[in-house]
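**Student:** predicted model and sequence below, questions to follow.
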Amino acid sequence: MEEEYNQIIRYRSSILLGMFIILSILLFTFLITVMLIINSDRQTTRKITTIKNRAIRGSIISYDNYSIAYSQKTYRA
C-alpha cells in the first residue's frame, strides 16, 4: 500500500516537473523573441506626415521690378 502511494507521488511529481520545464522553455523562448523584436531595426511607414505646400513661392517680379503675380496661402477651416 505504501509502495503504491510512493509510486503515485513520484508519478505526479515527474508530471509536474515536466510541465514546469516545458513552461520554462516556452517563457524563455517568448522573452528571447520579444528582445529580438525590440532590438531590431523595423522600417515601418510613418504615422505622422508633414504637409508641405510647394506651390507657394512668393511674388513673380519682372525685369523692371514690377510684381506680375504672387502666391498666397489660403487657410481652410
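**Tutor:** The structure has been received and is ready for your questions.
**Student:** show me the contacts for Ser62.
**Tutor:** If you count contacts by C-beta atoms under 8 Å, 6 or more residues apart in numbering, Ser62 has them with Ile68. C-beta: built from backbone N, CA, C; applies to glycine.
**Student:** let me see the backbone angles for it.
**Tutor:** With angles defined as degrees, to the nearest 10, Ser62 sits at phi -80, psi -180.
**Student:** repeat for the one 5 residues further on
**Tutor:** The main-chain torsion angles of Ser67 are listed as degrees, to the nearest 10 and equal phi -80, psi 110.
**Student:** dig out what the closest residue to it other than its chain neighbours forms beta bridges with.
**Tutor:** Take Ser67 and drop its neighbours on the chain: the residue closest to it by C-beta to C-beta, 6 or more residues apart in numbering is Ser59, 4.9 Å away. Listed by DSSP bridges, the beta-bridge partners for Ser59 are Tyr70.
**Student:** wait, Ser59 sits on Gln72?
**Tutor:** No: taking contact to mean C-beta atoms under 8 Å, the distance of 9.7 Å between Ser59 and Gln72 leaves them out of contact.
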